[in-house]
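# This is the structure alone, sequence omitted:
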């Protein structure tokens with residue numbers, strides 16, 4: 001039998017079971033039954049062409065058969081003129097060594113066989129890794145080291161390839177989740193009562209991930225209803241909060257931002273003067289938006305909370321100095337932007353700060369509470385809006401996005417401290433809302449301030465917000481209300497990302513990756 005590299009293939013020594021006269025099985029067959037083949041014990045028997053066989057030994061190998069059997073019984077640790085240490089090198093080195101050890105040189109038949117098997121794949125099922133040329137001196141064989149079934153360099157190359165493939169998959173997954181990790185958007189809302197900031201990055205279509213946030217009660221509209229101007233103390237509190245926001249914005253490379261001011265700056269006679277001071281002291285340029293824009297932003301921020309089965313929604317945002325209400329009719333087809341479904345909207349010139357200042361927020365009796373409800377109901381009576389037709393249960397519901405409704409939800413859940421993750425998006429039935437309002441009305445100021453979901457900053461404002469909510473519920477009765485811990489900032493971020501087309505680019509990139517795969 002000819003070896004593919006040329007030269008005679010040595011025959012296996014040892015008799016077969018059928019060839020022995022005594023009928024006993026040979027030790028070689030017994031070894032094979034034990035699961036150890038010659039190719040497993042001697043990895044050099046994997047030749048370069050991809051065929052199983054034993055590499056040709058030099059003809060000067062005159063080792064006796066008895067010595068060979070003894071060496072096999074010891075596990076191949078006996079001495080041999082074949083360079084067993086070269087087995088740890090790549091298969092190319094083994095082939096070169098075997099060819100160099102042949103006394104008959106490079107015959108025409110060996111050249112033909114090498115050309116025939118040149119582009120075949122090895123036994124490992126993959127091309128062999130390129131290696132350096134073999135050293136001139138053969139390494140000394142160590143009898144205490146067992147032969148390896150796969151060359152070490154091949155194993156190292158395979159491990160490196162596996163690590164590279166795994167790292168590539170992880171980068172691809174990270175890119176699919178956050179394809180624009182360096183694109184940040186920022187939204188700031190300076191209201192009558194709060195100063196809020198959000199910095200986020202787009203993720204899946206219609207969604208984003210918040211990377212930084214800030215919120216502080218500044219009461220910018222304190223005393224505005226009586227004087228018509230922003231007080232020095234209120235402006236100082238707002239500027240201090242805006243300095244923190246400016247620092248957060250400088251720490252990141254923001255692709256696009258929008259900074260707005262609402263009712264307090266709209267109504268105040270010195271509102272424009274205050275914004276010039278903000279630019280001089282913080283570097284932030286705020287824009288005063290109108291009431292219609294404020295209503296549309298509130299709807300945009302809560303669009304993901306309106307289910308596909310919903311046909312009509314009344315969304316309200318109870319602020320510090322004004323309250324925006326939007327009537328949404330979706331019908332059979334739904335636009336990408338929920339704000340395009342607004343059919344009627346209004347902005348009431350009353351909020352929790354202004355209403356509590358007029359009626360008192362610390363000691364609120366049932367009579368005082370009913371007086372606040374009547375005032376807001378009178379404002380709503382002038383809102384010209386057709387009645388909402390309800391065909392089936394689930395077609396219509398309320399959505400509240402304000403500190404008032406989130407406070408009610410936190411009290412209802414009896415949270416030890418306010419947790420946005422547990423509040424945002426939950427449903428409250430009409431009876432549950434009524435029960436929470438009655439509970440708050442039964443508490444005095446100290447009890448409200450001690451509640452972890454209210455605190456001392458909101459203890460004198462929460463019942464005024466409940467009065468506005470009660471007037472809305474009487475105008476649009478609904479069996480349930482959904483709570484939204486979100487508002488203008490989320491609407492600003494959603495609109496900016498949609499205008500830039502980041503989610504559309506996300507879908508295109510995912511489609512391109514799918515086509516390539």
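Great, that's in hand. Source: prediction; values computed, not measured. Residues are numbered from 1 along each chain as shown.
# mind checking how far residue 289 is from residue 233?
25 Å (Cβ to Cβ, to the nearest Å). No exception for glycine: its C-beta is placed from N, CA and C like everyone else's.
# So which of these two has more stuff around it?
Between residue 289 and residue 233, counting by other Cβ atoms under 10 Å, residue 289 is the more crowded of the two (20 against 11).
# got the contact list for the residue lying closest to that one once chain neighbours are set aside?
Leaving out its chain neighbours, the residue that sits closest to residue 289 by Cβ to Cβ, 6 or more residues apart in numbering is residue 260, at 5.0 Å. Applying Cβ atoms under 8 Å, 6 or more residues apart in numbering to residue 260 gives the contacts 187-190, 286-289, 488, 492.
# what two of these are the furthest from one another?
187 and 288 (15.4 Å; Cβ to Cβ).
# Pick out whichever of the two has more residues nearby.
When residue 187 and residue 288 are compared for neighbours, residue 187 comes out ahead with 25 against 17, by other Cβ under 10 Å.
# my guess is residue 356 meets residue 461, correct?
Yes. With contacts counted by Cβ atoms under 8 Å, residue 356 reaches residue 461, the gap being 5.4 Å.
# Tell me which of these two has more neighbours.
Of the pair residue 356 and residue 461, residue 461 is the one with more neighbours under other Cβ under 10 Å, namely 26 against 21.
# any weak-confidence spans in the stretch 1-150 of the chain?
When residues are selected by pLDDT under 70, those of the stretch 1-150 of the chain lie in 1-63, 73-150.
# and residue 210, how many residues sit next to it?
Using other Cβ under 10 Å, residue 210 has 12 neighbouring residues.
# correct me, but it touches residue 200?
Yes. Assessed by Cβ under 8 Å, residue 210 is found in contact with residue 200 at 4.9 Å.
# Mind putting the contacts of residue 260 into TSV with secondary structure and pLDDT?
Listed next are the contacts of residue 260 as TSV, based on DSSP: H, G, I helix; E, B strand; the rest coil; pLDDT from 0 to 100:
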residue	secondary structure	pLDDT
187	strand	97
188	strand	97
189	strand	96
190	strand	96
286	coil	97
287	strand	96
288	strand	96
289	coil	95
488	helix	92
492	helix	95
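# Restricted to buried residues, select those in PyMOL.
Buried members of those, defined by 16 or more other Cβ atoms under 10 Å, are picked up in PyMOL with:
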select buried, resi 187+188+189+190+286+288+289+488+492
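# Columns distance to residue 406 on top of the contacts of residue 260, output as a markdown table?
Putting the contacts of residue 260 into a markdown table (distance: Cβ to Cβ, whole Å) gives the following:
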| residue | distance to residue 406 |
| --- | --- |
| 187 | 18 |
| 188 | 20 |
| 189 | 15 |
| 190 | 19 |
| 286 | 25 |
| 287 | 26 |
| 288 | 26 |
| 289 | 23 |
| 488 | 15 |
| 492 | 19 |
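# where does the residue nearest to residue 389 when sequence neighbours are not counted land on pLDDT?
Excluding the flanking residues, the one nearest residue 389 by Cβ to Cβ, 6+ apart is residue 312, at 7.7 Å. Model confidence at residue 312, given as pLDDT, is 91.
# Neighbours of residue 312, how many?
Count around residue 312 with other Cβ under 10 Å applied: 20.
# what mean pLDDT does stretch 395-402 have?
Rounded mean pLDDT across stretch 395-402 is 91.
# Okay, buried residues for it please.
396-402.
# helix, strand or coil for the residue lying closest to residue 419 once chain neighbours are set aside?
Leaving aside its sequence neighbours, residue 419 sits nearest to residue 410 (Cβ to Cβ, 6+ apart; 7.8 Å). With DSSP: H, G, I helix; E, B strand; the rest coil as the basis, residue 410 sits in helix.
# do you know how far residue 410 is from residue 417?
Taking Cβ to Cβ, one finds residue 410 at 9 Å from residue 417.
# between the two, which one's more packed in?
Regarding residue 410 and residue 417, a neighbour count based on other Cβ under 10 Å identifies residue 410 as having more, with 24 against 8.
# Next, the contact list for that one, please.
418-419, 423, 452-453.
# Show me the two of those that sit farthest apart.
423 and 452 (12.6 Å).
# Of those two, give the one with the bigger neighbour count.
Legend: neighbour count by other Cβ under 10 Å for residue 423 and residue 452, higher for residue 423 (21 against 12).
# Quick one: mean pLDDT over stretch 327-334.
Per-residue scores along stretch 327-334 average to 83.
# Can you give me the end-to-end span of it?
15 Å (Cα to Cα, to the nearest Å).
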